[in-house]
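# return atomic coordinates for the entry below.
(chains A and B, ligands or ions: 1)
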Amino acid sequence: MASTLAEKIWAEHVVRSAPGEPDLLYIDLHLIHEVTSPQAFDGLRLARRTVRRPDLTIATEDHNVPTQNIDKPIADPVSKLQVDTLRANCLEFGVRLHSLGDKEQGIVHVVGPQLGLTQPGMTIVCGDSHTSTHGAFGALAFGIGTSEVEHVLATQTLPLLRPKTMAINVSGSLKPGVTSKDIILAIIAKIGTAGGQGYVIEYRGSAIRELSMESRMTVCNMSIEAGARAGLIAPDQTTFDYIAGKPHAPKDFDAALMYWKTFFTDEDAEFDVEIDLNADDMEPFVTWGTNPAQGAPLNSLVPNPADLSDDEARGAAERALAYMGLTAGTPLKKIAIDTVFLGSCTNGRIEDLRAAAHILKGKKISSTLRMLVVPGSARVRLEAEAEGLDKVFIDAGAEWRNAGCSMCLGMNPDQLVVGERSASTSNRNFEGRQGKGGRTHLVSPLVAAATALRGTLSSPADL
Amino acid sequence: MEKFISHTGTAVPLRRSNVDTDQIIPAVYLKRVTRSGFEDGLFAAWRSEPDFVLNQPAYKSATILIAGVDFGTGSSREHAVWALQNYGFKVIISSRFADIFRGNSLKGGLLTVILDQSEIEALWRSVEADPSTQIKVDLESGTITYDQITLHFVIDDYTRWRLMEGLDDIGLTIKNSEFIDSFEKTRASFKPTTLPIRS
Ligand code: SF4
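Numbering: from 1, shown residues only, chains lettered A, B, ... in the order given. Next up is the predicted model:
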């Protein structure tokens, strides 16, 4: 029978299936971090259980860790306790951990791919909703809660209901200056924050095929912002080339390659839903509101809630504009920014830093704002330094930091203050996400860099 | 896990849609390593506003939260479920929940009930008119009863059974260990392992 990519991966991992019960699915890789794991390890201890497959488990410190003075003890005692707890748990249960200061430490979704642990046809989970990132390799990857983290630690499986499938076809080609971040923001604005709920989204079409591996990760990363737990892109030569040479690339690469090449959606397979978009006329996209679906092309105006016919959407837009301190009808490009944040698991990889540095090279950021550059991992930081990107950022007047989630969620000291407005390459613009009372506009790394130079939301074309 | 069969209590109306997990509990409150004490972070930003509904004395002892559409969007933090439970909620009602939040809540014994938006509106009106309105949520029959009105809700049989028995998923899976053992024997040798460490 013809199957979709998602269905093929699912079928490969069913351990047990019984009528009226969820399928029991085998998990190939379990990623762990300090915030969502302590209670899971506690549960194991209480029940006198062990980690079934430490060799399919890997941990890193990312959400809490400071991005400055990382050679000193963590100043916030509560953050320190959480990180220390992870260290103790990993030691006790034999789980590999990359701690602060280690060259493989970093945001969990940057670390897996850069080690070559993320490969096509796998099932990957993590106590973090942006696990969808790994779907860019043609792996079924999704976020789980702490009870599920404990379940996977104990059994290397999860009972799951089979999701429905959705295809999003993006035809055409992106214009220069437009990125995969703009594609995904446009998709979310089109289908809404619940549009993908209950589905695994497979991104298809020429505009997706033309994307680099890292740009594909940006698209899959934000699948959760459209309500879908997982996003997928079928593996191809771009994928295989990216994995080759990574530390955990298969030793028997040819055997793996043969297997990986079986993971695609059959010609005559049917999706439950299909959505079509064209990339040819896409523009840089930014958000104006407090959920990721409240976005618009950068060249447009802050929308007027009164124009919305749906009561719910109108109320939400009114609230969002009040929180964001914006007036309907203002050109988005007139919005002045206080902080530019370049980083996160959405756009904190080497390509993102290169793209932004290219724009900043030899220039100075506006004196009206600060810019934080936070590499997604220590390895990304080292790579950037080897290429001299750190100098470009520092010379432009930006701050060059150590790896972590940082201002994406403001759990460490990197936070916005009340009323402060950011242009951020991260993935969530929720109220207070980057610090209590902070206001977030989601943007691509190119828009972030151009905004840093001009002081107001801008694209490279405005320079 | 405690068994959930039925619950009767009063409810608080939360007339907001798209209540994301960063609203339910902001990241700075996620630093505990236990499962308790998270009530201090529940709706932290909103609770600092005096007229926020949870701050009104009439709703102080409510155990049921009636929320707008798309409750629990965003992160996978189960702390959102713990914060609601630690605060005293037993049931959350909405016309749509985000997937991960719903999964977390049903795993942890916080019952999430889906009703039509029109039924939610009617419930809001009743509990706003009389905050002492008693609402009975019966999992066995899949019904909500208040003011002589009975509403039906759907929940899959497997989850209902698990909640009513108070069963923990891990225990259920471990009973099927032999399936996991034999599955592992079929896994391809080129699949990646994290150990030994390669660099
Ligand atoms: S960078 Fe942001 S979205 Fe990504 S894992 Fe960290 S906190 Fe989550």
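
# please count neighbours and contacts with C-alpha atoms only from this point.
Will do.

# in contact with the residue of the stretch 251-400 of chain A at minimum distance from the ligand: list those residues for me.
Going by CA to the nearest ligand atom, the ligand is nearest to A:Ser344 of the stretch 251-400 of chain A, at 3.7 Å. Contacts for A:Ser344 were tallied using CA atoms under 8 Å, 6 or more residues apart in numbering or on different chains; they are A:Ile107, A:Val374, A:Pro375, A:Gly376, A:Gly404, A:Cys405, A:Ser406, A:Cys408, A:Thr425, A:Ser426.

# same check on A:Thr239?
Taking CA under 8 Å, 6+ apart, we find A:Thr239 in contact with A:Phe137, A:Met213.

# SS state for it?
With DSSP: H, G, I helix; E, B strand; the rest coil as the basis, A:Thr239 sits in helix.

# what of the one 10 residues further on?
When states are read from three-state DSSP, the local structure at A:Ala249 comes out as coil.

# ok, it - how many residues close by?
23 (other CA atoms under 10 Å in any protein chain shown).

# and the pLDDT at the nearest residue to it once chain neighbours are set aside?
The shortest distance from A:Ala249 to any non-neighbouring residue, by CA to CA, 6 or more residues apart in numbering or on different chains, is to A:Gly116 (5.2 Å). pLDDT recorded at A:Gly116 is 98.

# what pLDDT is listed against the residue of the stretch 251-400 of chain A closest to the ligand?
98.

# before we move on, what about A:Gln294?
Reading off the model, A:Gln294 has pLDDT 97.

# how many neighbours does it have?
When neighbours are counted by other CA under 10 Å, A:Gln294 registers 25.

# distance of it from B:Gly88?
A:Gln294 is 33 Å from B:Gly88, where distance means CA to CA, to the nearest Å.

# repeat that for A:Gly138.
On the measure of CA to CA, A:Gly138 and B:Gly88 end up 42 Å apart.

# which residue of the two possesses the greater neighbour count?
Between A:Gly138 and B:Gly88, counting by other CA under 10 Å, A:Gly138 is the more crowded of the two (27 against 14).

# pretty sure that one sits against A:Pro235.
Yes: between A:Gly138 and A:Pro235 there is a contact at 5.2 Å, judged by CA atoms under 8 Å.

# overlap in contacts, those two.
A:Pro120, A:Phe263.

# elements contacting the helix or strand containing A:Asp390?
Assigned by DSSP states H and E, A:Asp390 belongs to helix A:389-396. Using 3 or more CA pairs under 8 Å, 6 or more residues apart in numbering or on different chains; DSSP states H and E, the elements in contact with helix A:389-396 are helix A:350-360, strand A:399-400.

# so is the helix or strand just after the last one next to the ligand?
Counting by DSSP H and E, the next helix or strand C-terminal to strand A:399-400 is strand A:421-424. No: applying CA under 6 Å from any ligand atom, one finds that strand A:421-424 is not in contact with the ligand, the shortest distance being 10.9 Å.

# and strand A:421-424, what does it pack onto?
Applying 3+ CA pairs under 8 Å, 6+ apart, one finds that strand A:421-424 contacts strand A:339-342, strand A:439-442, helix A:445-454.

# distance to B:Ser177 and mean neighbour count added to these, as a markdown table?
Putting the helices and strands packed on strand A:421-424 into a markdown table (distance: least, CA to CA, whole Å; neighbours: other CA atoms under 10 Å in any protein chain shown) gives the following:
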| stretch | distance to B:Ser177 | mean neighbour count |
| --- | --- | --- |
| strand A:339-342 | 45 | 28 |
| strand A:439-442 | 45 | 31 |
| helix A:445-454 | 47 | 28 |
